[in-house]
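A.B. asks: Next input, structure requested:
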Amino acid sequence: MRKAPVEGRSDERADDPGVPEALPRALAEARRRFGAEKMDRLWVFPPIRRGRRERGLVAVSTFLEGEERRCVITLAYTAERTGKGLTLEHVFHEEGDAPAELLPRVMEGVVRRAGNAYGEPREVEIDMSAEKYQELLDEFDPALWVLEPT
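C.D. replies: As a prediction, the model looks like this:
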């Protein structure tokens, strides 16, 4: 059964179109940068949309070699679609490491500290599986995230 893609926050501007390419391209960039074989899980926060602007956050848990701990990296993205085209920026930040069993509580803390900025994240288990990561990307139209070679 296919899961629905992450939806944007539901608020007074929930009908804002945002930038449909932003989240799937951010996910594709995370896979390119780290490789699915190093990822434990992702937390995909609902994007915040304002008209044709969007910003979002994805937390990536990666395996640390030979350890039970996980490295947590956040991927913040901003995107805007104008008459001149698409602007999309990704910023990766290593947050630190923690035992795997503590990460759900860490994400709860992120939600609490963010207040109304972000909603509850969707947790996606990757477990070093390229197939699971591809299933996540397949929830989106490939035209949104498959880039033409440059």
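
A.B. asks: any idea how far residue 45 lies from residue 64?
C.D. replies: From residue 45 across to residue 64, the span is 23 Å (CB to CB, to the nearest Å). C-beta here means a position set from N, CA and C on the backbone, and glycine is covered the same way.

A.B. asks: who's more crowded, those two?
C.D. replies: Neighbours were counted for residue 45 and for residue 64 using other CB atoms under 10 Å; residue 45 has more, 25 against 13.

A.B. asks: centroid residue for the chain?
C.D. replies: Computing the C-alpha centroid of the chain and ranking residues by CA atoms, centre = their mean puts residue 58 first, at 3.1 Å.

A.B. asks: residues in contact with that residue?
C.D. replies: Counting by CB atoms under 8 Å, 6 or more residues apart in numbering, residue 58 makes contact with 23, 26, 27, 30, 42, 43, 44, 45, 74, 75, 77.

A.B. asks: and the third one, how far is that from residue 69?
C.D. replies: The one in question is residue 27. Applying CB to CB to residue 27 and residue 69 gives a distance of 24 Å.

A.B. asks: isn't residue 68 right next to residue 100, touching?
C.D. replies: Yes - counting by CB atoms under 8 Å, residue 68 touches residue 100, with 6.2 Å between them.

A.B. asks: So between the two, which is more surrounded?
C.D. replies: Between residue 68 and residue 100, counting by other CB under 10 Å, residue 100 is the more crowded of the two (16 against 9).

A.B. asks: Alpha carbons only: can I get the host helix or strand of residue 24 in PDB?
C.D. replies: Using DSSP states H and E, residue 24 maps to helix 22-34. Only the C-alpha atoms of helix 22-34 are listed here, as PDB (Å, rounded to 0.1, in the frame of the first residue of the first chain):
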ATOM      1  CA  ALA A  22      11.100  21.200  -3.200                       C
ATOM      2  CA  LEU A  23      10.600  18.300  -0.900                       C
ATOM      3  CA  PRO A  24      11.300  15.500  -3.500                       C
ATOM      4  CA  ARG A  25      14.400  17.200  -4.700                       C
ATOM      5  CA  ALA A  26      15.600  17.700  -1.100                       C
ATOM      6  CA  LEU A  27      15.100  14.000  -0.500                       C
ATOM      7  CA  ALA A  28      17.000  13.100  -3.700                       C
ATOM      8  CA  GLU A  29      19.800  15.400  -2.700                       C
ATOM      9  CA  ALA A  30      20.100  13.700   0.700                       C
ATOM     10  CA  ARG A  31      20.300  10.400  -1.000                       C
ATOM     11  CA  ARG A  32      23.000  11.700  -3.400                       C
ATOM     12  CA  ARG A  33      25.000  13.200  -0.500                       C
ATOM     13  CA  PHE A  34      24.800  10.300   2.000                       C
END
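
A.B. asks: Thanks a lot, see you next time.
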